[in-house]
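**Q** prediction below, plus the sequence it came from.
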Amino acid sequence: MAVLVASMESLFTPLMSGDQFRYAYNNVAAHSHQHVVAGHTSCLDSDVEDDDDLTEDLVQAWKWSIGAKRHGCKHYRRRCKIRAPCCNEIFDCRHCHNDAKNINEKDDKKRHEIDRHLVEKVICSLCEHEQNVQQVCENCGVCMGEFFCDKCKFFDDDTSKQQYHCDKCGICRTGGRENFFHCDRCGCCYSTQLREGHTCVEKSMHQDCPVCMEYLFDSLLDITVLPCGHTLHLECLQDMHKHFQYNCPLCNKSVCDMSSVWKQIDQEIEATQMPEDQNRMVWILCNDCGSTSEVQYHIVGQKCASCPSYNTRLTEIPNSLSS
């Protein structure tokens, strides 16, 4: 089952040591003087200006890369911490705050979560300077996150996630902007694979996962869209399959192609005769196509009269036929 919903949230990536920086500078500077006439002991003025620019660029690149991917927490690699506006305490990220102040907080009255958009102060992890939210530390010049979103106050050094900000979602997503589109009715970013063929369910992402009950919209876990349009964590869906559960937890429609299973049930019913005293007709409702039909009862299962599905349940006779 493919991941079909965008999940929440390069210059010089490798860190250069002082020796590496000096080697890089000397090597580039040496090549920049190759055009000087042999025996000439001075450079042209333009050469000096070029060297100054080169030095400044290298120094800036060195500062930008210091500590990259060496700081942060289990949630993000970043070179800053945040001061929570709600409790004025310092945390590595908003998830660390929520773990400490909500999930692990025993006192219900003290439980709370941070609003990412209200963060105003960050602390550089290298020089410990506290400042307004910005990408580059105003004190030491270090980049505090290669990906930076000033709307979400979000920093991350791991750009392989292909982060992007969705204005309609109001938060940052991962997976690459070109690979997702925002569905206004569903209220979330979905894979471009679903642009023409997915079933829209109003605000389907603005709810809890029906299996683990975690809020889906800003979940860090991979999320998948079922054929019926409902959503849940991909991991939760895989757990359902391990327990032979193939129905949507919300509407009971089949979550995958069950045609091979229906054929096996056909064969089993054909090979299993029912006792004569159980030869009766019953009304069933098909969870897959939604039709109601009267069929012969069988202990193995009741097949829908309108489609090949055995994903049915017993129901009452329709009101239109009861009178």
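**A** Good, I have the coordinates. Residues are numbered from 1 along each chain as shown.
**Q** quick check: phi and psi on Asn132?
**A** Main-chain torsions, Asn132, degrees, to the nearest 10: phi -70, psi 160.
**Q** what segments of the protein are helices?
**A** 18-31, 45-65, 94-98, 234-242, 259-271, 319-322 (DSSP state H).
**Q** contact partners for Leu216?
**A** Going by Cβ atoms under 8 Å, 6 or more residues apart in numbering, Leu216 touches 205-209, 223, 231-233. The C-beta positions use only the backbone N, C-alpha and C, and glycine is treated the same way.
**Q** how far away is it from Ile82?
**A** Taking Cβ to Cβ, to the nearest Å as the measure, Leu216 falls 24 Å from Ile82.
**Q** same thing with Asp99?
**A** Taking Cβ to Cβ, one finds Asp99 at 14 Å from Ile82.
**Q** so for those two, which sits in the more crowded spot?
**A** Counted by other Cβ atoms under 10 Å, Asp99 and Ile82 do not tie: Ile82 has more neighbours, with 25 against 16.
**Q** so what's Lys101 closest to, chain neighbours aside?
**A** Excluding the flanking residues, the one nearest Lys101 by Cβ to Cβ, 6 or more residues apart in numbering is His112, at 5.7 Å.
**Q** that neighbour and Pro85 touch, don't they?
**A** No - at 11.0 Å, His112 does not count as touching Pro85 under the criterion of Cβ atoms under 8 Å.
**Q** okay, strands next: where are they in the stretch 51-200 of the chain?
**A** In the stretch 51-200 of the chain, the strands defined using DSSP state E, counting those that start in this stretch lie at 80-83, 90-91, 121-124, 130-132, 147-149, 154-156, 164-166, 171-173, 180-183, 188-191.
**Q** can I get these in a markdown table including mean pLDDT and distance to His298?
**A** Formatted as a markdown table, the strands of the stretch 51-200 of the chain follow (pLDDT from 0 to 100; distance: least, Cβ to Cβ, whole Å):
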| stretch | mean pLDDT | distance to His298 |
| --- | --- | --- |
| strand 80-83 | 97 | 61 |
| strand 90-91 | 97 | 59 |
| strand 121-124 | 97 | 66 |
| strand 130-132 | 97 | 71 |
| strand 147-149 | 96 | 58 |
| strand 154-156 | 96 | 56 |
| strand 164-166 | 96 | 50 |
| strand 171-173 | 93 | 48 |
| strand 180-183 | 94 | 41 |
| strand 188-191 | 92 | 40 |
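**Q** so which of the ones you listed comes closest to Cys256?
**A** Comparing the strands of the stretch 51-200 of the chain by their distance to Cys256 (Cβ to Cβ), the top pick is strand 188-191, with 17.2 Å.
**Q** give me the contacts around that closest one.
**A** Counting by Cβ under 8 Å, 6+ apart, 2-6, 166, 169, 173, 179-183, 198, 204-206, 217, 225 sit against strand 188-191.
**Q** of the residues you listed, buried ones?
**A** Neighbour counting with 16 or more other Cβ atoms under 10 Å marks 4-6, 166, 169, 173, 180, 183, 198, 204-205, 217, 225 as buried within the contacts of strand 188-191.
**Q** now render the residues you listed as JSON lines, adding distance to Phe244.
**A** Listed next are those as JSON lines, based on distance: Cβ to Cβ, whole Å:
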{"residue": "Leu4", "distance to Phe244": "23"}
{"residue": "Val5", "distance to Phe244": "25"}
{"residue": "Ala6", "distance to Phe244": "30"}
{"residue": "Cys166", "distance to Phe244": "37"}
{"residue": "Cys169", "distance to Phe244": "35"}
{"residue": "Arg173", "distance to Phe244": "33"}
{"residue": "Phe180", "distance to Phe244": "32"}
{"residue": "Cys183", "distance to Phe244": "31"}
{"residue": "His198", "distance to Phe244": "26"}
{"residue": "Ser204", "distance to Phe244": "25"}
{"residue": "Met205", "distance to Phe244": "27"}
{"residue": "Phe217", "distance to Phe244": "29"}
{"residue": "Val225", "distance to Phe244": "22"}
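**Q** now, which of these sits nearest Asn311?
**A** Of all these, Val225 has the smallest distance to Asn311: 19.0 Å, by Cβ to Cβ.
**Q** quick one: pLDDT of that closest one?
**A** Looking at Val225, its pLDDT is 92.
**Q** list the contacts of the nearest residue to it once chain neighbours are set aside.
**A** Closest residue to Val225 apart from its sequence neighbours, by Cβ to Cβ, 6+ apart: Leu4 at 4.7 Å. Counting by Cβ under 8 Å, 6+ apart, Leu4 makes contact with 190-191, 193-194, 198, 223-225.
**Q** can we see that at 6 Å?
**A** By Cβ atoms under 6 Å, 6 or more residues apart in numbering, Leu4 lies in contact with 191, 194, 224-225.
**Q** was I right about Asp157 contacting Glu146?
**A** Yes - Asp157 is in contact with Glu146 according to Cβ atoms under 6 Å; the separation is 5.1 Å.
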